[in-house]
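Student: Structural data only, the sequence is not supplied:
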């Protein structure tokens, strides 16, 4: 079993649902936004389980934003050594939501899709604003 991707309730109580799939998807997102880092590093399966039970979650990956996270969480952000806010395009709080200990409080795949749609829409506006010589706020940018 690929322990590092399996939801906590699946590891502890053998409960599997689409909400446990959401957890796994969150780990996959973490891999994508860390550019392929190994989740939980070299920790053994038992070490991963112990950490998860104690409330540990993967740290913010290199290419995710901590926007909104600190406002809505009792946890402080654990930044990876190579974290750089300037490179961000995905909000870490979306990722953390997939790892909620209470599976019913995890987002649905439809909600995650809506989040991605909003991000892509924002990026599309930023790109078209930059292509037109504007900064998106109606201010002209000298691109030469």
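Tutor: Here it is on my side, so go on. Source: prediction; values computed, not measured.

Student: What's the local residue count around the residue nearest to residue 17 when sequence neighbours are not counted?
Tutor: Spatially, and ignoring its direct neighbours in sequence, residue 17 is nearest to residue 103 (6.6 Å; CB to CB, 6 or more residues apart in numbering). Backbone N, C-alpha and C define where each C-beta goes, glycine included. Counted with other CB atoms under 10 Å, the neighbours of residue 103 add up to 17.

Student: quick thing: my sequence starts at 21, can you match it?
Tutor: All right, first residue 21 from here; so that's residue 123.

Student: So residue 123 sits against residue 36, correct?
Tutor: No - applying CB atoms under 8 Å as the test, residue 123 and residue 36 come out as separate, 10.2 Å apart.

Student: which neighbours do those two share?
Tutor: residue 27 (CB atoms under 8 Å, 6 or more residues apart in numbering).

Student: Give me the neighbour count for residue 25.
Tutor: Residue 25 is flanked by 19 other residues according to other CB under 10 Å.

Student: So residue 60: helix, strand or coil?
Tutor: The three-state label given to residue 60 by DSSP: H, G, I helix; E, B strand; the rest coil is coil.

Student: What separation do you get for it and residue 71?
Tutor: 7 Å (CB to CB, to the nearest Å).

Student: These two: which is more packed in?
Tutor: The neighbour count for residue 60 versus residue 71, taken as other CB under 10 Å, is higher for residue 60 (19 against 14).

Student: Report the contact partners of that one.
Tutor: If a contact means CB under 8 Å, 6+ apart, then residue 60 has 24, 67-68, 71, 78 as its contacts.

Student: how about a cut-off of 7 Å?
Tutor: 24, 68 (CB atoms under 7 Å, 6 or more residues apart in numbering).

Student: separation between it and residue 79?
Tutor: Counting by CB to CB - residue 60 and residue 79 are separated by 10 Å.

Student: quick one: low-confidence ranges for the protein?
Tutor: 86-110, 146-164 (pLDDT under 70).

Student: And residue 116, which helix or strand is it part of?
Tutor: Assigned by DSSP states H and E, residue 116 falls within helix 112-117.

Student: and residue 144, how many residues sit next to it?
Tutor: Count around residue 144 with other CB under 10 Å applied: 10.

Student: Skipping adjacent residues, who's closest to residue 72 in space?
Tutor: Nearest one to residue 72, counting by CB to CB, 6+ apart, is residue 28 at 5.0 Å.
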